[in-house]
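Visitor: Return a 3D structure for these sequence lines:
(3 chains)
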Amino acid sequence: CGFHLQDNEEIPKQFKTMTFYSGDPYGSLSREVKKVFINNKVKFVTSDDKHNYPSLHMMDSSMTRSTISLYQDGKSAEYQLILTLNAQVIIAGDDIYPITIKIFRTFFDNPETALAKSTEQNLIEQEMYGQAARQLIRKLRSINVIEHKN
Amino acid sequence: STEIGTTSNKQCLIGVPTFNRPLVKEDENALPVEVSSDSFEVDLPNKAIYKGNVSAVQGNRTVYSQKMTLNQTANKNRDLILNGNVLYQDNLIEMRGDDAKMNLDNNDVQIQNSRYHLVGRLGRGDADTMEFNKNRYIVLNNGSFTSCPVNNSSWNIEGSEIIYDNQEQLLEVWNAVFKIGKVPVLYSPYLQLPTGDKRRSGLLMPEFSYDSIDGIDFSLPIYWNIAPNYDATITPRVMQRRGVQLQTETRYLNEIGLGTIAFDWLQHDSLYNKDKNNQNTSGYNDSSHRWLFHWENSQLINYNWRFFVNTTRVSDNQYISDLGSKFASETDGYLTQLYQAGYSDEYWDIGLNYKYFQVLRDDIKDNLYHTEPQLNINYYNNDFENFEFNNFSQVSHFVSSGDNNAKTWRFHIAPTLKYTLMSSWATVTTEAGFMATHYEQDIPDVPQNAYLAKNVNRFLPKLGIDGKVIFERDISWLEGYSQTVEPRIKYLYIPYRNQSQIGNYDSALLQSDYVGLFRDQSYSGLDRIASANKITTGITTRFYDENEVEQFNLSLGQIYYFNQSRTGDSNSSLEQNDNTGSVTWAADTYWKVSDDMIFRAGAQYDKRLNEVTLANAIFEYRRSENKMVQFSYRYANKNYIDSIGLSNVTTPYQQDISQLGIMSSWPLAENVNVVGAVFYDTNNKQTSDSFIGLNYSDCCWGVNLQYGRKITDWDNVTQESKFENKFSINFELRGLTKNTNVVAKMLNFGLLPYKTAFAENYGN
Amino acid sequence: QEISNPTINNQPISIDADNQQIDLQKNTITFTGNVVIIQDSLKIKANTVIITDMQSKDNQIMTAYGTPVYFEQTYQNNDKQTITGHADQLVYQVKQNSVTLTGHAELFQQDNHIVSNKIVYDVEQQKIQAQPGNGNRVKTTIIPNQVKEIQR
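Guide: Residues are numbered from 1 along each chain as shown, chains lettered A, B, ... in the order given. Below you'll find the predicted structure:
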């Protein structure tokens, strides 16, 4: 049925070495993004003033929690977590590719075990950072294709 | 044309002056003044007179007049006197008047009986005399301001003195009279109005609503710019059947960080007293003072040190559903008070936090635990090729207000080493680590604590191997498209340890959507670490278009248990019967049907209940910011809700959750928008939350009419939900700030706010 | 060469030029080639200068042509100020004591730099006037004194 093992790497060649900029470089999201990129054989260089490497800018991110389903007493049954990440990939100092990533997750709330639920929320948020990092990699593939087209 | 309900739409900007010359950046006062006139005369030594269509240009500034006189008194301040339909223009403002005076040294301008219009945006008015100084302040004596377009005088504000500060984007008015058309409507000795986005002030117009419980509800927000880094919104609010409430919100940016402090106070709530007396349920405070306190603060010092506070407290359990607040949702069952300090760098992430909860129900208030404090120490190391080492250690002190509950210190350490082999088409990660925990439980001598032991040690090794292969192909029947199939298999081994002697402080059984299938832990927290001898298999397929943009993905996975996953904790229903084999299934999918349509769905199945435990789907059609419709469905099985620890006390009624939702916003005409939503509970055959709303947006004002009905509580006597109907009308001044999308705000009228399924950020 | 003690407005004047011609019938004198005229506070440089009615004080007129004619005049009041200018043609009417610059006329007075096709400088009245008329405009540039004094 035409399937073959994927020949080109998850991360296109031109992004094998990059610079990384973030407003909160040691926050959980930036740390997870760097870890997933490093696991995919990306080398981060600290200074590159001649712009000969592409750069990934973590512009801003937000995690919101809102009610998505109700019990009969009007209280919240399920909460939805939405991670929104706005980033930019800048190639050779001038082509700017904006990236918007959204991750949706839900979990049940239980006022009786509030501490366990807030621990669960932290766990899910950590997983969402990983999902956002992997989606960021998939976005690099499309930037790579567009970059070669023009 | 830009969308109605958003900002500068084209018709509104007709007649607005624009500045289309290249902006001069350097200090204008030092630039020469180029004058051109029909005739010119000098009375030596220092009086020059220009006559006839005089135009004087300096940097971005141009002044036209019939006659201009320049007095140069020995190089001191040199005044330009201008007479005869004077017109002043620059990149900020355009002013017309009969006569004017301009000082060439500091370039302050004074114009008599003048009319002005801001450049490039709405904002105009007139004044007996007008000054423009320091290239920043516009001072009007007996002047007026409105953001209505030239031919539209829906409203304006008149004042004995008006100062427009262009840098702070703020308008200050003394002896302010707010007029609708010609009719004075509101007087205030002093009034501030933000005219830009620098101020986070939201709607500043009065809000009027009527609901079946509180009666008439009228609030008038007053904005106060205390200092460049401090501003506040004070909102007196009158509720017919409750009383007068004062809401205050102060925003600051200083050494402590960027923060918001809010305090709402209602001295005497008559309806609350009435509810207290004739209501048989408990949970009512004796005093009738009702207050809310909220403090939010975040600070990051040179990327390493961080301080974070997010705390909300209320005076009584019914506060939020009765009075509402933008810092808490009516659907919250509890409020969180979190105080956090931390240090993080390349390798370390250390955080100390105090976390408390205010439960809005007295019957479960005492069995709640909070951390006082909790210290998390994470060490990460990715320096060695293919290796990833991290060590998670934590010290927690669990305290509860219930005196039968144990107070416990927990010491935990969990080093993990991962080795990853990777090629273009496959990734294999082996993981090894252990979890060591020591408990010191201070146990009250009460039957419920019979099993607990004072000191408990627990040591659990963990082994795992996780492999993924990626197959791909080009899709013949879709030009340029490609498809990947990504099977993944993960084996995890954690031995069984009987943890019945350990109290449960922060562990709850986790629900597992597709991503959750591949987790190591099946409980949150650390008090319950389930044994695992299981294989999780999953397969994901993705469709990419010609630009490698993901258009579709579908994932399906299951967990196969070689032997039962146990913790020794008998009261978790999922551990009653010996379940092995393929127990848990999960699937989720995403489909970008077109640029305007998105479909997302997910489902989970658990063999232990032999039913679909959770299912949800959402379909959204979105044409533009205010033209969209969203269909959603959510299902949760009753037995499953019980099994993940939501014991009967929490939900006094036993039903599946089956919620069908429709939400839409649609432009009806050029500047008329309708919004609506219905969330229908198919099991109980009742609409839990619904509203309809209409928005009319003119260039400089807008009005929203909205009516909604929602559940507020559960009546134990009649075993039915209690409802509230609410009608609200509020006005809005437009053209001042880059208006937040009013229509998007209207979609958050009910209990269930609008969240778009699209990645782009529509609404808030 | 030097003309011994001619007088304009019965004040001594020195005129230096490559050569000169006197036309007794028309009672005019013409100087050509690097003409430099100095009369206490007035200084004119031109290619050609024609002075008519040498003797009569009433209608004596000096007309100068140059590419351009340069003109400079300092006047004494509280502080010494000079006015300079140039144009295609300059006419100095002695009796009225006024200087008229025509044709690409430019004049620099204190902070003002005036450009017009006609500028009249009335030395007696201490007035400068530029009235190009028929749709032509006067261009003036005011140099703010910050540039000179650099206050800040």
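Visitor: Tell me the buried residues in the helix or strand B:Leu417 falls within?
Guide: In this assignment (DSSP states H and E), B:Leu417 forms part of strand B:407-422. Residues B:407-408, B:410, B:412, B:414, B:416, B:418, B:420, B:422 are the ones in strand B:407-422 that count as buried (16 or more other Cβ atoms under 10 Å in any protein chain shown). Every residue, glycine included, has its C-beta placed from N, CA and C.
Visitor: pLDDT check: weakest of the residues you listed?
Guide: Among the buried residues of strand B:407-422, B:Met422 carries the lowest pLDDT, at 89.
Visitor: The nearest residue in space to it that is not next to it in sequence is in what secondary structure piece?
Guide: Spatially, and ignoring its direct neighbours in sequence, B:Met422 is nearest to A:Lys41 (6.8 Å; Cβ to Cβ, 6 or more residues apart in numbering or on different chains). Under the criterion DSSP H and E, no helix or strand holds A:Lys41.
Visitor: ok, now B:Tyr88?
Guide: Judged by DSSP H and E, B:Tyr88 forms part of strand B:79-89.
Visitor: Can you name the next helix or strand after that strand?
Guide: Reading on from strand B:79-89 to the C-terminus, the next helix or strand found by DSSP H and E is strand B:93-103.
Visitor: Quick one: work out the angle between that next one and strand B:79-89.
Guide: 170 degrees (axes from the mean of the first three to the mean of the last three Cα atoms, to 10 degrees).
Visitor: Parallel or antiparallel, which strands does strand B:93-103 pair with?
Guide: If you go by DSSP bridges, strand B:93-103 pairs up with strand B:79-89 (antiparallel), strand B:109-118 (antiparallel).
Visitor: That strand: how far from the chain's middle?
Guide: Between the centre of strand B:93-103 and the centre of its chain there are 44 Å (Cα atoms, centre = their mean, to the nearest Å).
Visitor: got it, and stretch B:673-680?
Guide: Stretch B:673-680 sits 21 Å away from the centroid of its parent chain (Cα atoms, centre = their mean).
Visitor: what's in contact with it?
Guide: Contacts to stretch B:673-680, defined as Cβ atoms under 8 Å, 6 or more residues apart in numbering or on different chains, come from residues A:70, B:4-5, B:626, B:659-668, B:686-695, B:697, B:706, B:743, B:746-747, B:749-752, B:754.
Visitor: how much space is there between C:Val120 and C:Ala105?
Guide: 9 Å (Cβ to Cβ, to the nearest Å).
Visitor: need the contact list for the most centrally placed residue in chain A.
Guide: Closest residue to the average C-alpha location of chain A: A:Ala132 at 2.6 Å, with Cα atoms, centre = their mean. Counting by Cβ under 8 Å, 6+ apart, A:Ala132 touches A:29, A:32-33, A:61, A:83, A:85, A:101, A:103.
Visitor: Kindly recompute the last result at 6 Å.
Guide: By Cβ atoms under 6 Å, 6 or more residues apart in numbering or on different chains, the contact list for A:Ala132 reads A:83, A:85, A:101, A:103.
Visitor: Of those residues, which belong to strands?
Guide: Judged by DSSP state E, those include A:83, A:85, A:101, A:103 as members of strands.
Visitor: quick one: which of those residues has the most company?
Guide: Within the ones in strands among the contacts of A:Ala132, neighbour counts (other Cβ atoms under 10 Å in any protein chain shown) peak at A:Leu85, which reaches 24 neighbours.
Visitor: That residue reaches A:Lys102, doesn't it?
Guide: No - using Cβ atoms under 6 Å, A:Leu85 makes no contact with A:Lys102, being 7.8 Å away.
Visitor: picking up where we left off before, name the nearest of the contacts of A:Ala132 relative to B:Lys101.
Guide: Lowest distance from B:Lys101 to the contacts of A:Ala132 (Cβ to Cβ) belongs to A:Leu85, with 54.8 Å.
Visitor: before we move on, back to that, look at the residue nearest to B:Met422 and say how many residues are nearby.
Guide: A:Lys41 has 14 neighbouring residues, counting by other Cβ under 10 Å.
Visitor: Okay, it and C:Gln110: tell me how far apart.
Guide: Distance of A:Lys41 to C:Gln110, given as Cβ to Cβ: 73 Å.
Visitor: Repeat that for B:Asn382.
Guide: Distance from B:Asn382 to C:Gln110, counting by Cβ to Cβ: 72 Å.
Visitor: and what of B:Pro753?
Guide: For B:Pro753 relative to C:Gln110 (Cβ to Cβ), the value is 69 Å.
Visitor: where does chain C dip in pLDDT?
Guide: C:1-11, C:54-57, C:76-80, C:144-152 (pLDDT under 70).
Visitor: hey, what's the residue nearest to the spatial centre of it bridged with?
Guide: For chain C, C:Phe71 is the residue whose C-alpha lies nearest the centre (Cα atoms, centre = their mean; 4.5 Å). According to DSSP bridges, the residues that bridge with C:Phe71 are C:Ile44, C:Gly85.
Visitor: Now do the same contact list for it.
Guide: C:Phe71 neighbours (Cβ under 6 Å, 6+ apart): C:44, C:85, C:90.
Visitor: The last one: neighbouring residues, count only.
Guide: Neighbour count for C:Leu90, taken as other Cβ under 10 Å: 27.
Visitor: which residues does it contact?
Guide: The contact partners of C:Leu90, by Cβ under 6 Å, 6+ apart, come to C:64, C:69, C:71, C:101.
Visitor: again, only using 10 Å
Guide: Each residue near C:Leu90 by Cβ atoms under 10 Å, 6 or more residues apart in numbering or on different chains is listed here: C:44, C:46, C:49, C:62-66, C:68-71, C:99-103, C:105, C:119, C:121.
Visitor: And the closest residue to chain A within the stretch 351-500 of chain B, how far from chain C?
Guide: Nearest residue of the stretch 351-500 of chain B to chain A, counting by Cβ to the nearest Cβ: B:Trp425, 3.7 Å away. For B:Trp425, the distance to chain C equals 68 Å [Cβ to the nearest Cβ, to the nearest Å].
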